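In: Build me a model:
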Amino acid sequence: QVQVVESGGGLVQAGDSLRLSCVVSGRALGRSAMGWFRQAPGKEREFVATISWIGHTDYADSVRGRFTMSRENAKNTVALQMNSLKVEDTAVYYCAVSRTTWSISSVDYDDWGQGTQVTVSS
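Out: Alright, predicted model coming up:
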């Protein structure tokens, strides 16, 4: 059984930083892409960042330049370093494992964590 567990969320002020972590158990990451998505209250889940098995990354325009995604295949972990946080970054952040080697679409991700809340106050 695959488990995806996120951690690192919390309440911070605008301009602060947070680092989210995600551990996957029950399967090796292999060549699967990993992704971070987020869902704010009243809004649909949206793409945040993705990373390929060799470390290529892509980001939503809203976070590019502020967020950095990384990956440690040997430890089955990924992380999302979030700097210069804004109030509009407030959301539940989800980590997910894709069945493809590269995707920014949530429909290509099969295994999801429960999410971690990130709240940014002004």
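
In: Run through the bridge partners of the spatially most central residue of the chain.
Out: Nearest to the geometric centre of the chain sits Trp36, at 2.3 Å (C-alpha atoms, centre = their mean). Residues in a beta bridge with Trp36, per DSSP bridges, are Ala49, Cys95.

In: What ranges does this structure have for its strands?
Out: Using DSSP state E, the strands of the chain run over residues 3-7, 10-13, 18-25, 34-39, 46-51, 57-59, 67-72, 77-82, 91-98, 109-112, 116-121.

In: returning to what we had before: show the contacting residues for the residue nearest to the centre of the chain.
Out: Residues in contact with Trp36, defined by C-beta atoms under 8 Å, 6 or more residues apart in numbering, are Leu20, Cys22, Val48, Ala49, Thr50, Met69, Val78, Leu80, Tyr93, Tyr94, Cys95, Ala96. (C-beta placed from N, C-alpha, C; glycine too.)

In: Show me which of these is closest to Gln117.
Out: Tyr93 (7.8 Å; C-beta to C-beta).

In: What residues does that closest one make contact with?
Out: Glu6, Gly9, Leu20, Trp36, Phe37, Arg38, Val48, Leu80, Gly115, Thr116, Gln117, Val118.

In: Can you add mean pLDDT and give the strands of the chain back as a markdown table?
Out: A markdown table is the format used below for these (pLDDT from 0 to 100):
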| stretch | mean pLDDT |
| --- | --- |
| strand 3-7 | 98 |
| strand 10-13 | 98 |
| strand 18-25 | 98 |
| strand 34-39 | 98 |
| strand 46-51 | 98 |
| strand 57-59 | 98 |
| strand 67-72 | 97 |
| strand 77-82 | 98 |
| strand 91-98 | 98 |
| strand 109-112 | 96 |
| strand 116-121 | 98 |
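
In: Can you report how many residues lie near Lys86?
Out: Neighbour count for Lys86, taken as other C-beta atoms under 10 Å: 14.

In: what are the bridge partners for the nearest residue to Ser70 once chain neighbours are set aside, then?
Out: Once flanking residues are discounted, Ser70 sits nearest to Ala79: 5.0 Å by C-beta to C-beta, 6 or more residues apart in numbering. Beta-bridge partners for Ala79, by DSSP bridges, are Ser21, Ser70.
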